[in-house]
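Participant: My questions are about this predicted structure, shown below with the sequence.
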There are 2 protein chains.
Amino acid sequence: MLTLTRTEAGENRHRLTATTGVAALGLDALASVSYGPQAIVLALAAAGAAGIGWTLPVTIAIVLLLVVLVAAYRQVVHAYPDGGGAYTVARRNLGERAGLVAAAALIVDYVLNAAVATAAGVAALTSAVPALLPWTTELCLAVLVLVTLVNLRGVATSARAFAAPTALFVLAVLVVIGIGLLRGAPLNPLPDPAPTQTTAAVGVLLVLSAFANGCASLTGIEAIANATPSFRAPRPQRAARAQTLLGLLLGVMLLGLAALVELFDLRPVEGRTVLSLLVQGAVGDGAIYLVVQFTTVVLLALSANTSFGGLPVLAARLAADHYLPHAFGLRADRLVHRIGVLVLAALAAALIIGSGGQLDVLVPMFTIGVFVGFALCQTGMVRHWLTRGERGRRLWLNLVGAVLSTVAAVVVTIVKFTEGAWLVVLVLPLLVFGLRRVHRAYAVLGRQLGLGSLPELPRPEAALVVVPVAGLSVLTSHCLSTALSLGHKVIAVHVAGGGQPAECQRELGAVWTAWHPDVPLVLLERTRGGLGATIAAYVRGMPEKQVVVLIGELRPRSGWIRLLLNGQGGGIARAVRGRSQAAVCRMHYRLP
Amino acid sequence: MLTLTRTEAGENRHRLTATTGVAALGLDALASVSYGPQAIVLALAAAGAAGIGWTLPVTIAIVLLLVVLVAAYRQVVHAYPDGGGAYTVARRNLGERAGLVAAAALIVDYVLNAAVATAAGVAALTSAVPALLPWTTELCLAVLVLVTLVNLRGVATSARAFAAPTALFVLAVLVVIGIGLLRGAPLNPLPDPAPTQTTAAVGVLLVLSAFANGCASLTGIEAIANATPSFRAPRPQRAARAQTLLGLLLGVMLLGLAALVELFDLRPVEGRTVLSLLVQGAVGDGAIYLVVQFTTVVLLALSANTSFGGLPVLAARLAADHYLPHAFGLRADRLVHRIGVLVLAALAAALIIGSGGQLDVLVPMFTIGVFVGFALCQTGMVRHWLTRGERGRRLWLNLVGAVLSTVAAVVVTIVKFTEGAWLVVLVLPLLVFGLRRVHRAYAVLGRQLGLGSLPELPRPEAALVVVPVAGLSVLTSHCLSTALSLGHKVIAVHVAGGGQPAECQRELGAVWTAWHPDVPLVLLERTRGGLGATIAAYVRGMPEKQVVVLIGELRPRSGWIRLLLNGQGGGIARAVRGRSQAAVCRMHYRLP
């Protein structure tokens, strides 16, 4: 996932080294250690102890895939030192449609990352405090609301600030692995697993399923390649070094945890994460256990936060290219893409509610999106080399990467199709369709507006200003002054009915004549549609081409006095704008 | 309660006779039979069988009060043939403040009538269908929502339509009383009462409490005097006859039911209304029982409906006299005072939720309001006779009425103070204070606006029109045409920043020069407050006295295309109106 935040992108002095780069950009990838191995174990547990015995071999396969992808992404870093996200690489090498598929996959990923990281964080929390387990969904939503509020206020998230929890988490996991491997057996007997029946034998499908699940461990490794510009010179070298370091750390942790699963003869326990069981087995359930759990919670909350940094920026970029409504490009007062943040929060909340905050439902969906991105990026790289005449090792490496990513994406989709993967299969093409539809609509709008060519020169016309009046007051005089300043012709209109007796109207007519303001007063009978509709109908009947309806509104200083004003200005404005071609001018008159 | 509905007030041909007048206007009073006697029995039940033996004497006292009040109100009918509600009589004879107290009491009554009638209707329903008992509050709110929706749509409620259920209800109750008295004992043994302990001895306080409760039976007898204009000529005679007839029917029903309570040796049963027990005792629980119960439900729902006819009209009258915000005087498309209806529904719902739909909490509060109205009306009549030099029987009758109503109001307030009466004691003066405060604020507003005197004549000034532009398009040309039609001087402004790169701005400047529209383009740097604040700040700096900001907005034909437009017009309009004196003109440009 892209972890670069907007504020940082603009700051040139805070550049990353290989080490700080891993801490800052590797956050998502390293955090996936807290749900990736668990996904493998849960899949294999269907075949009982015999199944769980396959944890290490499956993990080794995944680490091999990791090695290939890390090597392949090192080449992306060198080829696209300006940041080679799947969207960029696919769009440049494979055309608009592939770029849009990559963009759709990225959107899906950001949303799922927010949901998965939140759910995993809460799972780490409920593992430590089991009493909270019944409120899983509520806790997830609470975390999500918190992260959303922080992002709406526009926190200046520096990737650098993420370094400390990331480092602490990696260190703690490595220490746990080291102690666990030295000890060779759990410190205390692990909690009894729930009495689950063995529902499957060890077979190709089971192992494939475990592999598909475990691919979730690799989500996030593309972040460094996406963010090459934020490294210190020489950028590609430092970024490539960071990519290798990230791969190394992730591989060691995955293998180490898988080895612990074997050594400890671990079985999944309802309501506990696999990581929490392994930590408990290695160091007991004292202070260290709690420290690891709470570090995990913080890390995962930060990991959810990266979606909030990434999706709104991606959406703004798509909006600038006319693939999403331009509103996604708007920034609120604190430079926040508010709409993007809110849409992300709503979608993630829907996923959490739909899945009940259960990781095993969310993780496979997440994996598909990520691997579609990998596959497009690697395929783009293959094309990149082909167009440059490169036929050697570099072409082959990316080709292998492309093939393996594609195979992984297909395997996950097929194996998990009925468990939620269908949703991604449905959403991806719909998203691409939607993006293209928006693009076409903007093209039509542009033609209608004559964008790119000089429009006709503006021509003044005689303007008629219509002023609705409720009675005779200082406000009336003020409005008519403005109206006379603007229009070649001014007409005051008064609508009778709607509670007012007819005498009021006759009286107003008489007072108007006495006042003699050089503006005719037209008395209208209120029609069924109400005040606004009556005025709109009158305005439509005027022959002038330029008609302005000028509405004066009182604006008292103190708030509660506003309740005393019946505030019909808004209703008249809406009705006139909706039912006529007239422009509506609203003017506030401040009372002392 | 005032039962005259707005549509009827205007129709001259549908005038009431004495009989139809009772059916139409006596609805509320007759419906109170379904909760008044019950209130007596519940109060006395605290002293067990000995207590309930006092039902008949207490009822006789209440019927004596009824006789006095009916005679007194016959005089109101003759003295105020144009409708002598407590508000009118108190205001004319006792001054503004007494009138406002009466108005406040009426407001409280209308709200409590809606709550009490709804709760009593649901109690009749749950008596017949005990399975519904746990959903009492929900059922009350459902009835309230139904009545509210019907009234928001503006049903043409004719008082005449109420005649049939009223007549059916009275007939059924009279038949039940007749059969019961003839039979002399319950047909089947009545259901066992809940084992309640006797918590009080028969004493003055208990009997007073029962009397206070039973006064609820008299609510609604003022409706005929309020609505004298809707009778056929000779109005006062017919209305007075209706008043007598109503008193007679109500008195007979109250005495008959009290006699049945004695004969049947009735004890209150949890979850059953007293009326339903008496009906069951007289005619069993077959078809007739169900008919009576469901007639009661319908009658009480109609009785709640009269509040929706009355309060919004009263509020509109108070708004016309500047005692309530004028918004209460506005009518929606179907001549409904929508705000009055919604405020009534909200307050009644709050009461029902607060009381859990329990009648014994709501009824005493209701009674206080009603008797405050009685007392003010009768005191006003005393003053009426005094100013006319009348010192005879008529003065004395109203004096006795005034004294008895005041005593009853004081007794109910004291006896029921801790059981909810404090709320009415608190709300009445607050309401009066609020009404006067609103009146004063309108007086200040009127002076500020120079109402009642001719304001200065309007003076045209040179106007500056500022047009914010996002780019160069057909919309820009259209807006500038309107601006040039309106202003002596037109300036286009473009705000950079907020996502747009600076090149866009430079480019727009170049294109503008090429277009050469005879309107200067000013480039503004976006400030922290956002687009609207930037433009508002610029406008504030202009020396012209008349400044208009003209905002052009696209209005595409198809709905979803609107999502593609970023719709910043509203935000700019709000910011400019809020932060400057400029008028804001919004113009829709329709796309094909």
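Facilitator: Nice, I can see it.
Participant: which other helices and strands contact the longest strand along chain A?
Facilitator: Counting by DSSP state E, the longest strand found in chain A is strand A:546-555. If you count contacts as 3 or more C-beta pairs under 8 Å, 6 or more residues apart in numbering or on different chains; DSSP states H and E, strand A:546-555 packs onto strand A:463-468, helix A:474-486, helix A:531-540, helix A:569-579, strand A:583-590, helix B:474-486. Where C-beta positions appear, they are placed from N, C-alpha and C, glycine not excepted.
Participant: State the pLDDT value of the residue of chain A most remote from its centre.
Facilitator: Centroid-distance maximum for chain A: residue A:514 at 64.1 Å, with C-alpha atoms, centre = their mean. Looking at residue A:514, its pLDDT reads 88.
Participant: how is chain A carved up into domains?
Facilitator: A:6-442, A:463-590 (automatic domain parsing).
Participant: Residue A:457 falls within a helix, correct?
Facilitator: No: Residue A:457 is assigned coil when assessed by DSSP: H, G, I helix; E, B strand; the rest coil, not a helix.
Participant: That one and residue B:512 touch, don't they?
Facilitator: No: using C-beta atoms under 8 Å, residue A:457 makes no contact with residue B:512, being 12.0 Å away.
Participant: Up against chain B, what does the stretch 351-500 of chain A have?
Facilitator: When proximity is defined by C-beta under 8 Å from any C-beta of the partner chain, the stretch 351-500 of chain A lies next to chain B at A:438, A:441-442, A:445, A:448-451, A:454-463, A:471-487, A:498-499.
Participant: Next SSE downstream of the helix or strand encompassing the residue farthest from the centre of chain A?
Facilitator: Take DSSP states H and E as the rule and residue A:514 turns out to sit in helix A:502-515. Using DSSP H and E, the helix or strand that follows helix A:502-515 towards the C-terminus is strand A:521-525.
Participant: what's the spacing between the closest residue to residue A:281 other than its chain neighbours and chain B?
Facilitator: Spatial nearest neighbour of residue A:281, excluding adjacent residues (C-beta to C-beta, 6 or more residues apart in numbering or on different chains): residue A:186 at 3.6 Å. Residue A:186 is 52 Å from chain B, where distance means C-beta to the nearest C-beta, to the nearest Å.
Participant: Can you tell me the SS state at residue A:186?
Facilitator: Going by three-state DSSP: residue A:186 is coil.
Participant: What is the burial count for it?
Facilitator: As a burial measure, residue A:186 scores 19 neighbours (other C-beta atoms under 10 Å in any protein chain shown).
Participant: Now do the contacts for it.
Facilitator: Neighbour list for residue A:186: A:264, A:280-282 [criterion: C-beta atoms under 8 Å, 6 or more residues apart in numbering or on different chains].
Participant: mind listing which of those are in helices?
Facilitator: Within these, residues falling in helices by DSSP state H are A:264, A:280-282.
Participant: Determine which two of these are furthest apart.
Facilitator: A:264 and A:280 (9.5 Å; C-beta to C-beta).
Participant: so where does residue A:244 fall, helix or strand?
Facilitator: Going by DSSP H and E, residue A:244 is in helix A:235-264.
Participant: Identify each buried residue in that helix, please.
Facilitator: A:235-236, A:238-247, A:249-251, A:253-261, A:263-264 (16 or more other C-beta atoms under 10 Å in any protein chain shown).
Participant: hmm, back to that, of the helices and strands packed on strand A:546-555, flag the one that's most buried.
Facilitator: strand A:463-468 (a mean of 25; mean count of other C-beta atoms under 10 Å in any protein chain shown).
Participant: Tell me which residues touch residue A:213, please.
Facilitator: By C-beta under 8 Å, 6+ apart, the contact set of residue A:213 is A:39-40, A:42-43, A:363-364, A:367, A:416.
Participant: Distance-wise, check it relative to chain B.
Facilitator: Between residue A:213 and chain B the distance is 38 Å, computed by C-beta to the nearest C-beta.
Participant: how about that residue, secondary structure?
Facilitator: Quick answer, by three-state DSSP: residue A:213 is helix.
Participant: Which residue, other than its chain neighbours, is closest to it?
Facilitator: The nearest residue in space to residue A:213 (C-beta to C-beta, 6+ apart) is residue A:39, at 3.6 Å.
Participant: coming back round to it: Serialize the domains of chain A to a markdown table and add fields for distance to residue B:112.
Facilitator: Conversion of these to a markdown table gives the following (distance: least, C-beta to C-beta, whole Å):
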| stretch | distance to residue B:112 |
| --- | --- |
| domain A:6-442 | 39 |
| domain A:463-590 | 24 |
